[in-house]
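Q: Sequence below, structure please.
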Amino acid sequence: MQLTKHDVFRNLGIVAICCTLGTSVANAGPREQAKRIHDRLAGVPPTAAVLDAMETKVAGGDAVGAAFDAMDNPAFYNTTVREFATPWTNREGSVYVDMNDAVATVIGMIRDDVPFDQVLYGDIVYVGSAAATAIPYSQTDNDHYLDLQLNRVDLSDPAMLEQQLQSAQPGAPIGANETAGLFTTRGYAEAYFQAGTNRSAISFTSENLLCLSMDEFRDLTAHPDMVRQDVTRSPGGDSSIFLNDCLGCHAGLDSLAGGFAYYDFDEETQQLVYTDGVVQEKFLRDAATFPFGFETTDDSWINYWRTGPNAFVGWNAAGGGEGSGAKTLGMELSQTRQFSECQVKNVFEKVCHRAPNGDADMQAVQDIATNFEANNRSMKQIFAETAVHCMGD
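A: Numbering: from 1, shown residues only. Okay, here's the model as predicted:
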């Protein structure tokens, strides 16, 4: 297509505008940079006093310190972190769902700088204080958290949202050894232990907290000995489909999901169920599909993805690659290098409003993940450094 003179001048004008915008970003002074950091993290304008303090820190070479000042704004926890965590707790990955104990626990852990690997194995849950709500925590409904939500309780205030033990909640179906962070919160159990086969607790956790889908974990060389009886070895009468497709996911997935063999979510009573020493019926369902497949007899698990193409995940050498129950499984997943990098990518998309892209961003992911591990797995450190990295966007 031939351009007219008008088209040429119009395009030059667009280039000029873009160049002007780029120059303004590059030449932004400390005050403008401080405001961008605050906007990224809190999503609301800073007060003049806060902006002054942040400007001083940015000018003095402490932009990360300025970011920590921005995170003192209640909106960081009540909006940014809540929206950050909510998609992890429902199958649709939606931010437009009610708050529950899983979301509140992520908010509290980040606020209190609890080492974030504990999100998948700690005996920890955050509940509203007596000053925040008169409705007690319940094992059978979400009314406690709905009340916090409807009354817009300030979750940034430690006097309103308190850290407690999951195992110490009234009517808790599990003891300290069976708790496993988000895995054993009521909200997470309702989403991922209800019906099904408990495989989704692995697949959705992998997508949300390791940033890896089951397709990306596919490994046709993994041991097939723990693939359950409900998986046909001849889909459509063709065994090659199992060997060249199904095996790639199920070999590793089934060997890990055994850690949830005693867990379920009762749809009638609406609560997490734990049957110590008794395998849930869902693990034995459809055994006739392939009777020679793996029969689950306890809650042991083995990680067949530690070697081979999935070694890049950076599995913790101290983990050993096998164990029993959800707690040790949570440690196996959350103490990987991939978990650290995934949290950076998750925060990047939240505060930068885009995925990491290009060499500079990917190097930043590596550097921030390393700092996360060096700083007691502090999510605040990730939020601060990531906001500084993209303040010039």
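Q: ok, which stretches of the stretch 51-200 of the chain are strands?
A: In the stretch 51-200 of the chain, the strands defined using DSSP state E, counting those that start in this stretch lie at 125-128, 161-164.
Q: Mean pLDDT added to these, as a markdown table?
A: Below are those laid out as a markdown table (pLDDT from 0 to 100):
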| stretch | mean pLDDT |
| --- | --- |
| strand 125-128 | 98 |
| strand 161-164 | 98 |
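Q: out of those strands, deepest packed?
A: A comparison of these by mean neighbour count, using mean count of other C-beta atoms under 10 Å, puts strand 125-128 on top with a mean of 24. Yep, even glycine has a C-beta here, placed from its N, CA and C like the rest.
Q: and it, what does it pack onto?
A: Applying 3 or more C-beta pairs under 8 Å, 6 or more residues apart in numbering; DSSP states H and E, we find strand 125-128 packed against helix 101-111, helix 143-150, strand 161-164.
Q: re the thing from before, looking at the strands of the stretch 51-200 of the chain, spot the one closest to V231.
A: Closest of the strands of the stretch 51-200 of the chain to V231 is strand 125-128, at 34.3 Å (criterion: C-beta to C-beta).
Q: and the closest one, how far out from the chain's middle?
A: Chain-centre distance of strand 125-128: 18 Å, with C-alpha atoms, centre = their mean, to the nearest Å.
Q: got the contact list for that strand?
A: 101, 104-105, 107-109, 137, 144-145, 147-148, 153, 160-166, 169, 185 (C-beta atoms under 8 Å, 6 or more residues apart in numbering).
Q: quick one, which of the strands of the stretch 51-200 of the chain is nearest to G196?
A: For the strands of the stretch 51-200 of the chain, the distance to G196 is smallest for strand 125-128, at 23.3 Å, taking C-beta to C-beta.
Q: Okay, now the sheet partners of that closest one, with direction.
A: Strand pairing for strand 125-128, using DSSP bridges, gives strand 161-164 (antiparallel).
Q: Restricting the selection to alpha carbons, write the strand it pairs with to CSV.
A: Extracted C-alpha coordinates of strand 161-164, given in CSV (Å, rounded to 0.1, in the frame of the first residue of the first chain):
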residue,chain,number,x,y,z
LEU,A,161,-6.8,-10.0,61.5
GLU,A,162,-4.8,-12.4,63.7
GLN,A,163,-2.5,-15.4,63.0
GLN,A,164,-3.7,-18.6,64.7
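Q: Pull the residues that contact whichever strand or helix holds Q338.
A: Assessed by DSSP states H and E, Q338 sits inside helix 337-351. Applying C-beta under 8 Å, 6+ apart, the external contacts of helix 337-351 come out as 40-41, 80, 83-84, 116-117, 208-212, 312-314, 333, 354-356, 361, 364-366, 368-370, 372-373, 377, 379, 382-383, 386-387, 390.
Q: For stretch 113-121, measure first residue to last.
A: Using C-alpha to C-alpha, to the nearest Å, the end-to-end distance of stretch 113-121 comes to 16 Å.
Q: Repeat that for stretch 59-76.
A: End-to-end distance of stretch 59-76 (C-alpha to C-alpha): 23 Å.
Q: What average pLDDT does that stretch get?
A: Stretch 59-76 carries an average pLDDT of 98.
Q: mind putting the strands of the stretch 51-200 of the chain in TSV, distance to C249 included?
A: Below are the strands of the stretch 51-200 of the chain laid out as TSV (distance: least, C-beta to C-beta, whole Å):
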stretch	distance to C249
strand 125-128	31
strand 161-164	36
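Q: V227: which of those is closest?
A: Nearest of the strands of the stretch 51-200 of the chain to V227, taken as C-beta to C-beta: strand 125-128 at 33.9 Å.
Q: circling back to that earlier point, may I see the ChimeraX selection of the buried members of the contacts of strand 125-128?
A: Of the contacts of strand 125-128, the buried ones can be selected in ChimeraX as follows, counting by 16 or more other C-beta atoms under 10 Å:
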select :101,104,105,107,108,109,137,144,145,148,153,161,162,163,164,166,169,185
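Q: which residue ranges form the helices in the stretch 101-250 of the chain?
A: For the stretch 101-250 of the chain, the helices defined by DSSP state H, counting those that start in this stretch occupy 101-111, 143-150, 186-192, 199-205, 214-217, 239-241, 247-257.
Q: Please identify which of those helices is closest to Y274.
A: Counting by C-beta to C-beta, Y274 lies closest to helix 186-192 out of those; the figure is 9.7 Å.
Q: So which elements touch that closest one?
A: helix 101-111, helix 199-205, strand 263-266, strand 271-274.
Q: Now with 7 Å, please.
A: Counting contacts by 3 or more C-beta pairs under 7 Å, 6 or more residues apart in numbering; DSSP states H and E, helix 186-192 packs against helix 101-111, helix 199-205, strand 271-274.
Q: between the longest one and helix 143-150, how many degrees?
A: Using axes from the mean of the first three to the mean of the last three C-alpha atoms, to 10 degrees, the direction of helix 101-111 lies 60 degrees away from that of helix 143-150.
Q: coming back round to it: C-terminal to the helix holding Q338, what's the next element?
A: Going down the chain from helix 337-351, the next helix or strand is helix 359-374, by DSSP H and E.
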